[in-house]
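[1] Fold the following.
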Amino acid sequence: LQTIGRRSELRGVLAVIGGGELDASDQTVVTSVVALIGLALEQGREVTRARAGVRAAAVRALLDGRSDLADVVLGALGESVPAGTLAVARVSWGADADADADTSTDSGAALDDVLSADVDGTTAMIGSPGRLEAVIDRLRGGLAAGDGANLRVGLSTSAERDRLAGADREARAALGATSTASPVVRAADLTTRGVDWLLDRSESRAVAAAVLRPIAEDDVLLSSLEAW
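    Presented below is the predicted three-dimensional model:
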């Protein structure tokens, strides 16, 4: 058995099966194979990291309102922004928690129909509201008890892709309101916490915008409000 990877970071094991002891020539072949496999794995990891960095830049542009730039960058990766009405989730894994291979954001394919990347110290996820709810449930169910205790999620209300910047502010406000008792908070639920709670927080403007959005986007409601 020949280990593959650095001493502190085991990447795999090569099992050599034969009828007897390996001679010097056989040992040379095995050593060369181990070296080649280790090099290939390391190069693959660097490529994955590079893709994750490019994807993070695209997600940041999307959340900053530059959907045109995000489309170009994601297109180069062979990816795209999910279609339809979207929402934004901000996920914090905690100081000591790590996402496992199933929930890693290094691979865009790890979360079907959800665009995700590590941005500003948290994981930003963009997808349909229903799909994000399903992913959140899967993340919470898939983590071990210790890691699950560190998971915090803030979820925005639904928004069109040109309004994702506001949805991201809502998600961050919701994330800031999470606790051990309430690890998942939806922006739509923040209004039930009372005016005093809202006024005491820097994210109150984002929460208010989420509440008032149905009025702001409806000319009839605006006219009715002005008349009232």
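
[2] going forward, measure contacts between C-alpha atoms and count neighbours the same way
    Fine.

[3] what's the burial count for residue 220?
    Residue 220 has 11 neighbours, counted by other C-alpha atoms under 10 Å.

[4] for it, what are its contacts?
    For residue 220, the contact set (C-alpha atoms under 8 Å, 6 or more residues apart in numbering) is empty.

[5] so it is in which element?
    Secondary structure assigned from DSSP states H and E places residue 220 in helix 219-227.

[6] Could you give the separation of that helix from the chain centroid?
    In terms of C-alpha atoms, centre = their mean, to the nearest Å, the centre of helix 219-227 is found 38 Å from the chain centre.

[7] Could I have the CA atoms of it written out in CSV?
    Only the C-alpha atoms of helix 219-227 are listed here, as CSV (Å, rounded to 0.1, in the frame of the first residue of the first chain):
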residue,chain,number,x,y,z
ASP,A,219,-48.7,51.6,-9.3
VAL,A,220,-52.3,51.0,-8.1
LEU,A,221,-51.1,50.4,-4.5
LEU,A,222,-48.9,53.5,-4.7
SER,A,223,-51.9,55.6,-5.9
SER,A,224,-54.1,54.2,-3.1
LEU,A,225,-51.4,55.0,-0.5
GLU,A,226,-51.0,58.6,-1.8
ALA,A,227,-54.8,59.0,-1.7
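
[8] Could you find the closest non-adjacent residue to residue 90?
    Distances taken as C-alpha to C-alpha, 6 or more residues apart in numbering put residue 124 closest to residue 90, at 4.8 Å, once the chain neighbours are dropped.

[9] ok, now residue 74?
    Computed as C-alpha to C-alpha, 6+ apart, the closest residue to residue 74 that is not its neighbour in sequence is residue 80, at 5.5 Å.

[10] If you average pLDDT per helix and strand, which one of the protein comes out bottom?
    Across the helices and strands of the chain, mean confidence by mean pLDDT, DSSP states H and E is lowest for helix 145-148: a mean of 51.

[11] Can you work out which other helices and strands pack against the next helix or strand after that one?
    Per DSSP H and E, the first helix or strand lying C-terminal to helix 145-148 is strand 152-155. Where contact means 3 or more C-alpha pairs under 8 Å, 6 or more residues apart in numbering; DSSP states H and E, strand 152-155 is packed against strand 87-92, helix 164-176, strand 184-186.

[12] what pLDDT, on average, does strand 152-155 get?
    For strand 152-155, mean pLDDT rounds to 90.

[13] could you dump it to PDB, C-alpha only?
    C-alpha atoms of strand 152-155 as PDB (Å, rounded to 0.1, in the frame of the first residue of the first chain):
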ATOM      1  CA  ARG A 152     -26.600  29.500  10.300                       C
ATOM      2  CA  VAL A 153     -28.700  30.500   7.300                       C
ATOM      3  CA  GLY A 154     -30.400  33.800   6.300                       C
ATOM      4  CA  LEU A 155     -32.900  33.600   3.400                       C
END
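
[14] what is residue 117 paired to in the beta sheet?
    With DSSP bridges applied, the residues forming beta bridges to residue 117 are residue 124.

[15] Would you mind confirming that it makes contact with residue 125?
    Yes - applying C-alpha atoms under 8 Å as the test, residue 117 and residue 125 come out as touching, 6.8 Å apart.

[16] low-scoring stretches of this protein, by residue?
    For the chain, the stretches with pLDDT under 70 are 95-112, 142-149, 191, 194, 197-198, 200-203.
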